[in-house]
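S.K.: return a 3D structure for these sequence lines:
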Amino acid sequence: MKMPQHPPPFSGLLNKVQKNDKRLVRILENRVGPTHNGRYVHWDKLRRLSPPGDLTHEEWWCGVKLARRGLLRALPLKDKQDRPFRFGLPDEAQEYLHSIDQAGGGRIEMPAGDIATSEARDRYVVHSLIEEAITSSQLEGAVTTRQVAKEMIRSGRAPRDRSERMILNNYLAMSRIRELTDRPLDEGLVLGLHRVLTEDAIDNPSAIGRFRRPDEAVAVSDDYGEVFHEPPPAEQLAGRFAALCDFANGKTPSKFVHPVIRAIILHFWLAYDHPFVDGNGRCARALFYWAMLRQGAWMCEFISISQLIRKAPARYGRAFLYTETDDNDLTYFILYHLDVIRKAFAELQDYIVRKAAALRETEKLVRASAAFNHRQLALLSHALRHADQQYTIRSHMTSHNVVYQTARTDLLDLARRGLLVQRKPGRALYFTPAQELEEKLRNSG
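M.R.: Okay, the predicted model is just below:
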């Protein structure tokens, strides 16, 4: 990733045009706004575009910055020089927020059935948790295949190396977040998440579950040593973290901040402060999920933002850099993140549609199979849609009005084929759908 070019200082540009009334009039006549073709463009891109009318690039940028002044609001987040970060909501952001509000409140079409049912909910949550765990870890350097990672999580086996440990830790942390949404943010919550995320997965075990110390210098850099970000000194972390918690818990600022925007700012804030020796990115993304779920966006349980970030990691990095290089304007990072969330909901919709179609095809395949009798076909069709269902010989007898031996033979046959799991915790014998039942049925057909 290449460091974007810093914009020319706005104060110098403004002084220059103020001394030449004709040029200021030309900026106003060209109706320079805060965006270009609806996009919130950074100087690094704008300097390569054709300015409107006879304006120079510097005059155009001066007009853009003047137009943005009315949009921007100060935040309690400050940089190392005690200058506030600010953000605005141009039309592009409003459009994204409207789309997210609709999806985040549960207004996604569910062709496979109601996602709020326990069986469907668990299935989609597990899918998204696994995807987020894998891709968030891969962003931080984990190297393993998605298939191997899924097998490890679903089977419960121990991780074999650090990459697998990172993925398992992310999965456990994301699962834990669901239990923490009724708690206000405090040091214990964040340090506990960091401990889960980094256990046996960072070079210095003593750095797990604590903030970095003054003698532990950290920086964000590339493989060639170019430094992109130096966080605030460790001596400031206590005060900065207290301010972060006040913001997360809605104590600041006094004016309304949309819940999604608040969650995105928390993501940026923790990443900017970089309070840990390692694991900052993973913790920042986990904090985003905590904030979204705490504020009622329950559909966020079903999406993976890291999956989309990993497809274009340079855009993720540039969103941070654009903010830092342009007068702490957080609008760049917010717009990037809103776009990611919007696309994640769209991918969830596509996933649900694909799963529904695959389920229908599997049921069609099962019904057409001569390998099962009609009672077994009915049970398998039910099991495909109810992964947590328990079947007993007595329930199968009752459902199909058959004798004990017939029901027992049906269920034991399905267990022998690996389609049901036979359990006997006490005297009672019961059967549950096998993991990956849908895939097993497709393969058997």
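S.K.: going forward, measure contacts between C-alpha atoms and count neighbours the same way
M.R.: OK.
S.K.: wouldn't R146 be in contact with I134 here?
M.R.: Yes - applying C-alpha atoms under 8 Å, one finds R146 in contact with I134, separated by 6.9 Å.
S.K.: low-confidence stretches in the stretch 1-150 of the chain?
M.R.: Regions of the stretch 1-150 of the chain meeting the criterion pLDDT under 70 cover residues 104-124, 126.
S.K.: and the spatially most central residue of the chain, how far is that from F345?
M.R.: In the chain, the centroid-proximal residue (C-alpha atoms, centre = their mean) is I305; its distance is 2.9 Å. To F345, I305 is 9 Å away according to C-alpha to C-alpha, to the nearest Å.
S.K.: before we move on, the earlier item: pull the contacting residues for the residue nearest to the centre of the chain.
M.R.: 132, 340-341, 344 (C-alpha atoms under 8 Å, 6 or more residues apart in numbering).
S.K.: average pLDDT for stretch 154-163, rounded please.
M.R.: Stretch 154-163 shows a mean pLDDT of 87.
S.K.: pull out the buried residues from that stretch.
M.R.: Of the residues in stretch 154-163, 159, 162-163 count as buried by neighbour count, 16 or more other C-alpha atoms under 10 Å.
S.K.: now do the buried residues in the helix or strand hosting A407.
M.R.: Secondary structure assignment for A407, by DSSP states H and E: helix 404-416. Residues 407-408, 410-412, 414-415 are the ones in helix 404-416 that count as buried (16+ other C-alpha under 10 Å).
S.K.: over to stretch 249-268?
M.R.: 249-250, 252, 259-268.
S.K.: what residues are up against the residue nearest to A207 when sequence neighbours are not counted?
M.R.: Distances taken as C-alpha to C-alpha, 6 or more residues apart in numbering place V277 nearest to A207, at 6.4 Å, with adjacent residues excluded. Applying C-alpha under 8 Å, 6+ apart to V277 gives the contacts 207, 211-212, 216, 218.
S.K.: doesn't A133 lie inside a helix?
M.R.: Yes - using DSSP: H, G, I helix; E, B strand; the rest coil, the secondary structure at A133 is a helix.
S.K.: residues contacting it?
M.R.: So A133 contacts 167-171, 174 (C-alpha under 8 Å, 6+ apart).
S.K.: rerun at 7 Å
M.R.: A133 makes contact with 167, 170-171, according to C-alpha atoms under 7 Å, 6 or more residues apart in numbering.
S.K.: can you redo the contacts of V277 as TSV with distance to A314, pLDDT and secondary structure?
M.R.: TSV is the format used below for the contacts of V277 (distance: C-alpha to C-alpha, whole Å; pLDDT from 0 to 100; DSSP: H, G, I helix; E, B strand; the rest coil):
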residue	distance to A314	pLDDT	secondary structure
A207	28	96	helix
F211	27	97	coil
R212	26	97	coil
E216	27	94	coil
V218	20	93	coil
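S.K.: by residue count, which strand of the protein is the longest?
M.R.: What stands out as the longest strand in the chain, according to DSSP state E, is strand 73-78.
S.K.: can you give the domain ranges for the protein?
M.R.: Structural domains assigned to the chain are 10-70, 74-352, 370-444, following automatic domain parsing.
S.K.: pull the longest helix from this structure.
M.R.: helix 331-368 (DSSP state H).
S.K.: list of residues touching the following helix or strand past it?
M.R.: Tracing the chain past helix 331-368, the next element assigned as helix or strand by DSSP H and E is helix 374-385. Here helix 374-385 makes contact (C-alpha under 7 Å, 6+ apart) with 363, 366-367, 389, 400, 410, 433, 437-438.
S.K.: what pLDDT, on average, does helix 374-385 get?
M.R.: 86.
S.K.: what about W269, which helix or strand?
M.R.: helix 259-273.
S.K.: what's in contact with that helix?
M.R.: With C-alpha under 7 Å, 6+ apart as the criterion, helix 259-273 contacts 231-232, 248, 280-281, 284-285, 287-288, 291-292, 295, 334, 337.
S.K.: average pLDDT across stretch 304-313?
M.R.: Here the average pLDDT along stretch 304-313 is 89.
S.K.: would you mark the buried spots in that stretch?
M.R.: Within stretch 304-313, the residues that count as buried by 16+ other C-alpha under 10 Å are 304-310.
S.K.: so which of the contacts of A133 is the most crowded?
M.R.: I167 (30 neighbours; other C-alpha atoms under 10 Å).
S.K.: can you flag the buried ones in the contacts of helix 259-273?
M.R.: For these, buried by 16+ other C-alpha under 10 Å: 231-232, 248, 280-281, 284-285, 287-288, 291-292, 295, 334, 337.
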